[in-house]
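In: quick one: sequence plus predicted model below, questions after.
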Amino acid sequence: MDTEQRVVLEGRIDSRTAPAYRDALTCAIAEGVGALSVDLSRAEIGDTAGLGVIIGAYDRARRHGRVLVVDAMSPRVARILHVSRLERILLPRTQSPRQRTVSAVTA
């Protein structure tokens with residue numbers, strides 16, 4: 001049985017879209033067990049709220065006894081994580097467990 005799941009985030013994560021991404025990641029954390037692999041290769045962190053979504057998911061996963069890792073990221077996201085020194089805890093990794101794609105919600 002595969003106890004790891006993968007979530008692909010797509011679109012811009014910013015103050016406008018953060019609640020939808022936060023809710024989706026919260027559900028993924030609550031529904032699964034084992035590591036949660038987050039693919040950020042198709043996502044853009046637009047502001048501090050977007051960064052907060054990733055940090056919050058990391059903390060929430062730890063509180064649920066899970067590990068959150070970044071599966072892939074764009075070069076821009078990699079720079080943001082490097083500048084914020086978050087790459088030390090969100091190390092990139094390549095896996096292909098269960099996958100869910102979360103796109104930006106537009107109003």
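Out: Yep, that arrived. Residues are numbered from 1 along each chain as shown.
In: what number of residues lie near residue 59?
Out: Using other C-beta atoms under 10 Å, residue 59 is surrounded by 11 other residues. To be clear about C-beta, it is placed using only N, CA and C from the backbone, and glycine gets the same treatment.
In: in a strand, it, correct?
Out: No. Applying DSSP: H, G, I helix; E, B strand; the rest coil, one finds residue 59 to be helix, outside a strand.
In: quick check: it vs residue 36, distance?
Out: Look at residue 59 and residue 36: by C-beta to C-beta, to the nearest Å, they are 12 Å apart.
In: now residue 74
Out: Per C-beta to C-beta, residue 74 is found 19 Å from residue 36.
In: residue 88 now?
Out: Counting by C-beta to C-beta, the gap from residue 88 to residue 36 is 18 Å.
In: report the central residue of the protein.
Out: Residue closest to the average C-alpha location in the chain (C-alpha atoms, centre = their mean): residue 38, at 4.3 Å.
In: for that one, list the residues it contacts.
Out: Each residue near residue 38 by C-beta atoms under 8 Å, 6 or more residues apart in numbering is listed here: 6, 7, 9, 25, 54, 57, 68, 69, 70, 71.
In: of these, closest to residue 84?
Out: Closest approach between the contacts of residue 38 and residue 84, by C-beta to C-beta: residue 54, at 9.6 Å.
In: helix or strand: which one has the closest one?
Out: Per DSSP states H and E, residue 54 falls inside helix 48-63.
In: and the angle from the helix or strand that comes right after that helix to helix 48-63?
Out: Scanning forward in sequence from helix 48-63 by DSSP H and E, the next helix or strand is strand 68-73. If you take axes from the mean of the first three to the mean of the last three C-alpha atoms, to 10 degrees, strand 68-73 sits at 130 degrees to helix 48-63.
In: which elements pack onto strand 68-73?
Out: When contacts are defined as 3 or more C-beta pairs under 8 Å, 6 or more residues apart in numbering; DSSP states H and E, strand 68-73 sits against strand 36-45, helix 48-63.
In: can you do 10 Å?
Out: Packing partners of strand 68-73 (3 or more C-beta pairs under 10 Å, 6 or more residues apart in numbering; DSSP states H and E): strand 5-13, helix 18-31, strand 36-45, helix 48-63, helix 75-83.
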